[in-house]
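A.B. asks: The following comprises the amino acid sequence and a computationally predicted model.
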Amino acid sequence: MCGIAGFSAIKQPTIHVEAILGSLDHRGPDDRGTWTDGLVSLFHTRLSIIDLSTAARQPFGDATGRYVLIYNGEIYNYRELRETIPYNWTTSSDTEVLLAALIRHGEKALSMLEGMFAFAFFDKETREMIIARDRLGKKPLYYTADENALSFASEVRTLLKINGKPGVISRQNLSNWLFLQSIPGEETLVNSVKRVLPGEYLKVKDNRITERKRFWDPSDCIAGNEFEGKPTKDTLKTLVTEAISKRLESDVPLACFLSGGVDSSIITAVASQQVSGKLATFHLAFREEGYSEHSMARLVAERYKTDHHECFLESNELLDALPDALSACDHPSGDGLNTYVLSKKVQEFGFKATLSGLGADEWFVGYSYFRDFEKWRKLSFLSPLLNAVNPLPFRARKVREIMNGTRAQQRGREDARRHLPEGRNRVHSDCSASSGIRGPSNTNSDFRP
């Protein structure tokens, strides 16, 4: 990952460059850079994965000096895009491909991208900036605006250093996080800080948002069933294989988290057959047999002949790591501690990029509370009764909010279906591109651990 930050202002603010870059160094320890013309400033810290040369360092500008880009993420189809854009290439990086695509196509380039990204693209001639976030929001991007400037960053703490103002905690959003371990929509724990939504871009000029649009919406993908009457298992296997293959593009060695569960075992199965040499796999194990899955992970590692590492976690290690882990989370996460601890272990072996099964439970409804959503929807008719009762205990208030939300979602879907043109009730081919899945390929990867 990399770190990005910047602002667009109507009068030059007082900023502390070192404090801003220092708050992002842990995201990008390989390089750092800044660009400014006084009223617009861009900051970047780099984790080098593709094109390790200094020629690909950021902020990255074109030969004319008109355009400048800062970017966090990876464009999986950058090689294919490069072949379609006439441009005087100076690097082999996906950063330059993204810059060229934005110069040529503007915001329309967003629908062409397959990958995970958050970026800011500035046109010095028009004084307009585009900031955008990938389809499913894998890369974070926060912003805040006041009477003088609009600022943005990969992390909330960086935003607070840019504007020099203390954050005020939102009591409502704190209750959301305590109940759901997440905060819906664009809100954050800090009142003045918002999120750029997944699949959204903002156009910014001076200190104002001049345009805000979704370039992708998941509802486009769930309005119908493209796979009806087709061999769904084979199709899914092909799509998942291709998605994993796209994520193997790297100029540094890659490792893989291997818990022994379905998701990481499938990734290990596919990746181990496509990398040169042995795939390095890492498992976070516990001494207590009732809590450890290392025996399952070991079976998968043996089958696919990986260079397997079992990292046993002692109770004192977890307690010692807790302060740093919580600090690294920035905006709180309900499931970040184990990933942080294992990532530190992987880093000790010299790896700075890994594959993981994070997100698969969201795609394939792996958590029980996803399956409970239908129950909430059926009970949503009770929400007017709960709305009439005030005050309610905390848990009842949160239940009421969920019910109100499901009723609103249902009404929104019904309205959308009524207004869909003929033919829009089928899944579009670009709907799965957000996770690097593009279509069939000839592969015979064995998923069975």
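C.D. replies: Thanks, I have the structure now.
A.B. asks: give the contact list for the most centrally placed residue in the chain.
C.D. replies: Per C-alpha atoms, centre = their mean, the C-alpha nearest to the average position across the chain is that of Lys138, at 0.8 Å. By C-beta atoms under 8 Å, 6 or more residues apart in numbering, Lys138 lies in contact with Gly73, Met116, Gly359. The way it works is simple: take the backbone N, C-alpha and C, and place the C-beta from them, glycine included.
A.B. asks: gap between it and Arg57?
C.D. replies: Note on Lys138: its distance to Arg57, by C-beta to C-beta, to the nearest Å, is 23 Å.
A.B. asks: Ser111 now?
C.D. replies: For Ser111, the distance to Arg57 equals 28 Å [C-beta to C-beta].
A.B. asks: still on that earlier bit, could you dump the contacts of Lys138 to a markdown table with secondary structure and neighbour count?
C.D. replies: Formatted as a markdown table, the contacts of Lys138 follow (DSSP: H, G, I helix; E, B strand; the rest coil; neighbours: other C-beta atoms under 10 Å):
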| residue | secondary structure | neighbour count |
| --- | --- | --- |
| Gly73 | strand | 22 |
| Met116 | strand | 22 |
| Gly359 | coil | 12 |
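A.B. asks: Am I right that Cys311 sits in a strand?
C.D. replies: Yes. Counting by DSSP: H, G, I helix; E, B strand; the rest coil, Cys311 is part of a strand.
A.B. asks: Specify the beta-bridge partners of it.
C.D. replies: Leu284 (DSSP bridges).
A.B. asks: Can you give me the neighbour number for it?
C.D. replies: Cys311: 17 surrounding residues under other C-beta atoms under 10 Å.
A.B. asks: pretty sure it is touching Arg287, no?
C.D. replies: No. The pair Cys311 / Arg287 is not scored as a contact, 12.0 Å apart, by C-beta atoms under 8 Å.
A.B. asks: who's in contact with Ala9?
C.D. replies: Applying C-beta under 8 Å, 6+ apart, one finds that Ala9 lies in contact with Leu39, Val40, Asn148, Ala149, Leu150, Asp206, Asn207.
A.B. asks: For the fifth one, the count of nearby residues, please.
C.D. replies: I take that to be Leu150. Neighbour number of Leu150 under other C-beta under 10 Å is 22.
A.B. asks: For Arg66, list the residues it contacts.
C.D. replies: With contact set as C-beta under 8 Å, 6+ apart, Arg66 has these partners: Asp123, Lys124, Glu125.
A.B. asks: hang on, the first one packs against Met129?
C.D. replies: This points to Asp123. Yes. Asp123 is within contact range of Met129, at 7.4 Å (criterion: C-beta under 8 Å).
A.B. asks: The two - which one has more neighbours?
C.D. replies: Between Asp123 and Met129, counting by other C-beta under 10 Å, Met129 is the more crowded of the two (23 against 16).
A.B. asks: Shouldn't that one be within a strand?
C.D. replies: Yes. Assessed with three-state DSSP, Met129 lies in a strand.
A.B. asks: which ones are touching it?
C.D. replies: By C-beta under 8 Å, 6+ apart, Met129 lies in contact with Ser8, Val40, Ala120, Phe121, Phe122, Asp123, Lys203, Val204, Lys205.
A.B. asks: Tabulate those residues (TSV), appending pLDDT and secondary structure.
C.D. replies: Compiled in TSV, these are given as follows (pLDDT from 0 to 100; DSSP: H, G, I helix; E, B strand; the rest coil):
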residue	pLDDT	secondary structure
Ser8	96	strand
Val40	96	strand
Ala120	98	strand
Phe121	98	strand
Phe122	98	strand
Asp123	97	strand
Lys203	97	strand
Val204	97	strand
Lys205	95	strand
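A.B. asks: Compare the residues you listed and tell me which has the most neighbours.
C.D. replies: The most crowded member of the contacts of Met129, judged by other C-beta under 10 Å, is Ala120 (28 neighbours).
A.B. asks: That one contacts Ile130, correct?
C.D. replies: Yes. Counting by C-beta under 8 Å, Ala120 touches Ile130, with 7.3 Å between them.
A.B. asks: Now do stretch 15-29: distance to the chain's middle.
C.D. replies: Distance of stretch 15-29 from its chain centroid, counting by C-alpha atoms, centre = their mean, to the nearest Å, is 20 Å.
A.B. asks: Right, I'll call it a day here.
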